[in-house]
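Engineer: when you get a sec, could you give me coordinates for this:
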Amino acid sequence: MDILNARELDPMILIGIVNEKLRLGSGNLADLAAEMELDSLELEQQLSKLGYQYQSDNNQFIRTK
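Structural biologist: Now for the predicted structure:
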């Protein structure tokens, strides 16, 4: 799936896509953000609003709230 409009996606769909991409091929958050043409901090902030934090040990976003 091509995510050209990641900023416009429903946040719950975005978290699913992001975690799948992290699991299947992106080495880390910085690589994924570059692939999606997003700033990694912007992506983290967007997903943090849903209660998800990036865990580098697991290379995925985990719900913290």
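
Engineer: the longest helix along the chain: what's the following helix or strand?
Structural biologist: Taking DSSP state H as the criterion, the chain has its longest helix at helix 11-24. Using DSSP states H and E, the next helix or strand after helix 11-24 towards the C-terminus is helix 29-35.

Engineer: got a list of contacts for that next one?
Structural biologist: 18, 21-22, 26, 39-40, 42-44, 54, 56, 59 (Cβ atoms under 8 Å, 6 or more residues apart in numbering). Bear in mind the C-beta positions are built from the backbone N, C-alpha and C, glycine included.

Engineer: in terms of secondary structure, what does the worst-scoring helix or strand of the chain on mean pLDDT contact?
Structural biologist: Lowest by mean pLDDT, DSSP states H and E among the helices and strands of the chain is helix 40-48, with a mean of 86. The contact analysis (3 or more Cβ pairs under 8 Å, 6 or more residues apart in numbering; DSSP states H and E) places helix 40-48 against helix 11-24, helix 29-35, strand 52-55.

Engineer: sorry, back to before: now the angle from the longest helix of the chain to helix 40-48?
Structural biologist: 120 degrees (axes from the mean of the first three to the mean of the last three Cα atoms, to 10 degrees).

Engineer: got a list of what the residue nearest to the spatial centre of the chain touches?
Structural biologist: Geometric centre of the chain, nearest residue: residue 18, 3.8 Å, by Cα atoms, centre = their mean. Neighbour list for residue 18: 32, 43, 47, 61 [criterion: Cβ under 8 Å, 6+ apart].
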